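Trainee: generate coordinates for the sequence data below:
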Amino acid sequence: MKKLIAIFVAVSLFTILTAASCGGSGGTSGTGGNAGTSVHMGAVNFVQPSVTISKGSSVNLINDVAVLHIISNGSWVDNVAKPAKESTAPTVNNVSISSAGQSLTVGPFNTAGTYHLYCSVHLNMNLTVIVQ
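Mentor: As a prediction, this is how the structure comes out:
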């Protein structure tokens, strides 16, 4: 039984480290009309779960802790991750952020509307971006 638990822990650790090392270019880096609005990420949540920005602006996601976040378009609904492609949203597809101080710029958001980003690692970690 101890051997089975050790194998499970080793496989879990390998999976997490592999996911963390796959970060990168899935998100979009923007230089929209405005410098961007910062949204901080805690250990298991967006500190500000909703942000309102102007058309042409970007959102800068800043990791405040050394915890893995994997950010994508979509949201958690009733405790189920729901990836989504919002036609006019910048594409963010499984971008890993794991170091304290690391950031991701998403945007620009060029069309007015409501957009959703979520962390697939942390249950109910949703961000709503309202573009006016």
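Trainee: mind checking the end-to-end distance for stretch 56-71?
Mentor: Using Cα to Cα, to the nearest Å, the end-to-end distance of stretch 56-71 comes to 21 Å.
Trainee: now swap in stretch 108-125 and tell me
Mentor: Across stretch 108-125, the terminal residues are separated by 22 Å (Cα to Cα).
Trainee: tell me which residues of that stretch come out buried.
Mentor: Buried residues in stretch 108-125, counting neighbours by 16 or more other Cβ atoms under 10 Å, are found at 108-109, 115-122, 125. Where C-beta positions appear, they are placed from N, C-alpha and C, glycine not excepted.
Trainee: what mean pLDDT does the helix or strand containing Y115 have?
Mentor: Counting by DSSP states H and E, the element that carries Y115 is strand 113-119. For strand 113-119, mean pLDDT is 98.
Trainee: same question for stretch 53-64.
Mentor: 98.
Trainee: who does the strand holding Y115 touch, helix- and strand-wise?
Mentor: strand 69-77, strand 126-131 (3 or more Cβ pairs under 8 Å, 6 or more residues apart in numbering; DSSP states H and E).
Trainee: which residue ends up closest to the midpoint of this structure in space?
Mentor: The centroid of the chain falls nearest to I71 when counting by Cα atoms, centre = their mean (2.4 Å).
Trainee: the helices in the chain, which residues?
Mentor: Counting by DSSP state H, the chain has helices at residues 2-21.
Trainee: how many neighbours does the residue nearest to the residue nearest to the centre of the chain when sequence neighbours are not counted have?
Mentor: Once flanking residues are discounted, I71 sits nearest to V95: 4.9 Å by Cβ to Cβ, 6 or more residues apart in numbering. By other Cβ atoms under 10 Å, the residues close to V95 number 21.
Trainee: isn't V95 up against L68?
Mentor: No. In this structure, V95 is not within contact of L68 by Cβ atoms under 8 Å, at 11.3 Å.
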